[in-house]
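*Asks:* Sequence unavailable; structure follows:
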Ligand SMILES: [Fe+2]
């Protein structure tokens, strides 16, 4: 569990969408950046490509991103992983053909004051579901799958696997309509006690900001592939 939960709670706010934050040209630059970055993970089975936003590939975009984020959330520090040289990574760009399951990106260091995270869509179709429910442990994938839960010996930066969320938020069954509409890739039992706070419909040029403690996942709506850039901050 995080050590400064009361302080983390003081910073918490509802999710927010900034529309028309990036121009068409800037989105194109983000996509060029994505193409130029080296691949970190290519999981052929899950059909996922992950690339770290390493510093130095496009200094102008790094500055634009930090400046516009600071305008909105005030002072922050990056809380992404470090690269091989100990340099901060700016974020993670993920290209996926399948929806990402329920998880929280609360980080790996319990001394940190985790703050907000951002999502910048780099493809136009998709949505992200943010739940009202919050978690104050580390970065965790929430699942009921015994095979997933059996995964130990995780490497640097990999999320913990857990079913601790079951019962944590009460036993109320998850809304059937919302499940059918957005979350068909999740077992409804895995969502028990959860309530949707907000569904972010991806729109190029916009950015979603939400708290690191919010449980979230992709919606099941994908046309072909999705590309999204996420980045994590702390105070
Ligand atoms: Fe996430």
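*Replies:* Looks like it came in fine. In this text the structure is predicted, and so the values were computed from the model without any measurement.
*Asks:* What are the boundaries of the helices in this protein?
*Replies:* 5-11, 24-36, 59-73, 146-149, 176-182 (DSSP state H).
*Asks:* who are the neighbours in contact with the closest residue to residue 76 other than its chain neighbours?
*Replies:* In space, residue 76 comes closest to residue 233 once its chain neighbours are excluded; the distance is 4.1 Å by CB to CB, 6 or more residues apart in numbering. (Each C-beta comes from the backbone N, C-alpha and C, glycine too.) By CB atoms under 8 Å, 6 or more residues apart in numbering, residue 233 lies in contact with 69, 73, 76, 77, 78, 79, 114, 115, 116, 117, 118, 212.
*Asks:* right, and the second one touches residue 117 too?
*Replies:* No: contact criterion CB atoms under 8 Å: residue 73 and residue 117 do not qualify, at 10.3 Å.
*Asks:* More neighbours: these two, which one.
*Replies:* The neighbour count for residue 73 versus residue 117, taken as other CB atoms under 10 Å, is higher for residue 117 (25 against 17).
*Asks:* OK, contacts around the nearest residue to that one once chain neighbours are set aside?
*Replies:* Beyond its immediate neighbours in the sequence, the residue positioned closest to residue 117 (CB to CB, 6+ apart) is residue 232, lying 4.8 Å away. Listed by CB under 8 Å, 6+ apart, the contact set of residue 232 reads 78, 79, 80, 91, 105, 107, 114, 117, 212.
*Asks:* out of those residues, who's nearest residue 45?
*Replies:* Nearest to residue 45 among the contacts of residue 232: residue 105, at 22.5 Å, using CB to CB.
*Asks:* ok, how many other residues are close to that closest one?
*Replies:* Using other CB under 10 Å: residue 105 sits among 23 other residues.
*Asks:* same question, residue 111
*Replies:* The burial metric for residue 111, expressed as a neighbour count using other CB under 10 Å, is 9.
*Asks:* correct me, but it touches residue 3?
*Replies:* Yes: in this structure, residue 111 is within contact of residue 3 by CB under 8 Å, at 5.9 Å.
*Asks:* and the two most separated of the contacts of residue 232?
*Replies:* Spanning the widest gap among the contacts of residue 232 are 91 and 114, at 15.0 Å by CB to CB.
*Asks:* other SSEs contacting the lowest-mean-pLDDT helix or strand in the chain?
*Replies:* Comparing helices and strands within the chain by mean pLDDT, DSSP states H and E singles out strand 41-43 as the least confident, with a mean of 85. Judged by 3 or more CB pairs under 8 Å, 6 or more residues apart in numbering; DSSP states H and E, strand 41-43 is in contact with strand 48-52.
*Asks:* centre of the chain versus the strand it packs on, how much separation?
*Replies:* Taking the mean C-alpha point of strand 48-52 and that of its whole chain, the gap between them comes to 13 Å (CA atoms, centre = their mean, to the nearest Å).
*Asks:* Give me the mean pLDDT for it.
*Replies:* Confidence over strand 48-52 (mean pLDDT, whole number) is 93.
*Asks:* Taking their axis directions, it and helix 24-36 sit at what angle?
*Replies:* Strand 48-52 runs at 100 degrees relative to helix 24-36, counting by axes from the mean of the first three to the mean of the last three CA atoms, to 10 degrees.
*Asks:* Now strand 48-52: buried residues?
*Replies:* For strand 48-52, the buried set under the neighbour-count rule, 16 or more other CB atoms under 10 Å, comprises 48, 49, 51, 52.
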